[in-house]
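Visitor: Sequence plus predicted model, see below.
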Amino acid sequence: MAVASLSTSRPETVASLRLLGSPSRLLLWGAIVGLVIYPIVMVLIAAINPATFGNPPFRLSFSLAVTAAALGTFLGAASVRKSPALASLALIPAATPAITMAVGFILAWNGPWTAWLPLYGSALIVGLFYTVLCLPYAVQYARAGIASIPPSYEWAARIHGARPGLITRKIVAPLLWPHCLAGAILIFSISFRELIGSVLLRPPGMQTVSTFILREFDQGSPAAGMAMGVIAIAVSMLAICLARQLVPKRP
């Protein structure tokens with residue numbers, strides 16, 4: 001009798017637990033949205049206007065990050081493809097602190113022997129610093145892409161008389177581009193919010209997203225700084241998620 005009563009009451013017990021679980025889930029969602037999402041949205045509403053995405057710091061950081069992503073991806077893929085020694089040298093920035101690399105840029109491109117080259121004191125040197133800082137990521141993604149291409153593809157093309165340029169264009173590039181594009185997006189997300197090189201190498205009057213945030217906090221405008229910080233985080237997170245989706249999954 002006891003077993004029968006327990007078995008008959010079990011559906012009602014499960015249904016009651018489900019009813020009790022729904023308010024708890026709603027309460028959890030309300031706590032997360034109210035404590036995390038709502039303050040961020042209010043900061044954006046209070047400090048961001050439609051012209052934020054067209055202001056000079058955002059446009060400059062976006063353009064420099066795109067330049068660093070394109071140039072870094074090209075250098076990384078070319079070094080991996082042409083010379084393992086160059087690819088190993090391109091990994092040195094991964095073991096070098098960013099501030100050391102920035103000081104090295106100042107000493108190298110601000111000397112009297114480079115006075116004829118108008119590189120230091122321009123926005124171009126900031127983009128080149130982003131490229132060098134993120135070059136190891138491009139090399140690693142290119143290495144992963146090259147390793148995923150069976151050597152038999154190139155052997156078969158060479159047997160049929162294909163030249164190296166044709167092999168690269170018709171075989172290697174189509175199979176390598178998802179990896180390179182994922183590396184380029186990762187470089188973009190890191191360069192878009194880079195601070196150390198932007199502070200040390202930027203010319204007077206130039207503002208990137210990171211230096212804009214730093215300046216707003218120094219001048220007592222934390223709302224605008226936090227809003228731009230939220231935008232930088234959102235752009236970086238979206239870029240990284242896109243890069244993860246582009247990398248081919250192993251079967």
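Guide: Arrived safely. Just so you know, these numbers come straight off a predicted model, no measurement behind them. Numbers count the residues shown, from 1 in each chain.
Visitor: can you pull the contacts of the residue most central in space within the chain?
Guide: In the chain, the residue lying closest to the centroid (CA atoms, centre = their mean) is residue 189, at 2.3 Å. Residues counted as contacts of residue 189 (CB atoms under 8 Å, 6 or more residues apart in numbering) are 65, 235-237, 239-240, 243. All C-beta spots, glycine's among them, are computed from the backbone N, C-alpha and C.
Visitor: Just the strands from the stretch 101-250 of the chain, written as ranges.
Guide: Under the criterion DSSP state E, counting those that start in this stretch, the stretch 101-250 of the chain carries no strands.
Visitor: What residues of stretch 95-113 count as buried?
Guide: By neighbour count on 16 or more other CB atoms under 10 Å, the buried set for stretch 95-113 is 98, 101-102, 105, 109.
Visitor: Ok, stretch 112-132 next?
Guide: Here stretch 112-132 shows 120, 123, 125-132 as buried, counting by 16+ other CB under 10 Å.
Visitor: What of stretch 152-168?
Guide: 154, 157, 162, 167.
Visitor: How many neighbouring residues does residue 239 have?
Guide: Residues within reach of residue 239, counting by other CB atoms under 10 Å, total 21.
Visitor: distance of it from residue 91?
Guide: Computed as CB to CB, to the nearest Å, the residue 239 to residue 91 distance reads 22 Å.
Visitor: just residue 191 next, same as before
Guide: In this view, residue 191 and residue 91 are 18 Å apart by CB to CB.
Visitor: Between those two, which has more neighbouring residues?
Guide: residue 191 (28 against 17).
Visitor: wouldn't that one be in contact with residue 130 here?
Guide: Yes: counting by CB atoms under 8 Å, residue 191 does reach residue 130; the two are 3.9 Å apart.
Visitor: so where do the helices sit in this structure?
Guide: Using DSSP state H, the helices of the chain run over residues 2-32, 38-47, 56-82, 84-89, 98-109, 123-147, 151-159, 164-167, 173-192, 196-201, 209-218, 222-246.
Visitor: Would you mind giving the ones you listed as JSON lines with distance to residue 116 added?
Guide: As requested, those are exported to JSON lines (distance: least, CB to CB, whole Å):
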{"stretch": "helix 2-32", "distance to residue 116": "58"}
{"stretch": "helix 38-47", "distance to residue 116": "44"}
{"stretch": "helix 56-82", "distance to residue 116": "22"}
{"stretch": "helix 84-89", "distance to residue 116": "26"}
{"stretch": "helix 98-109", "distance to residue 116": "11"}
{"stretch": "helix 123-147", "distance to residue 116": "15"}
{"stretch": "helix 151-159", "distance to residue 116": "43"}
{"stretch": "helix 164-167", "distance to residue 116": "35"}
{"stretch": "helix 173-192", "distance to residue 116": "28"}
{"stretch": "helix 196-201", "distance to residue 116": "19"}
{"stretch": "helix 209-218", "distance to residue 116": "28"}
{"stretch": "helix 222-246", "distance to residue 116": "36"}
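Visitor: Pipe those helices into CSV and attach mean pLDDT per row.
Guide: Output for the helices of the chain, formatted as CSV (pLDDT from 0 to 100):
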stretch, mean pLDDT
helix 2-32, 57
helix 38-47, 64
helix 56-82, 89
helix 84-89, 86
helix 98-109, 91
helix 123-147, 91
helix 151-159, 84
helix 164-167, 80
helix 173-192, 88
helix 196-201, 91
helix 209-218, 87
helix 222-246, 78
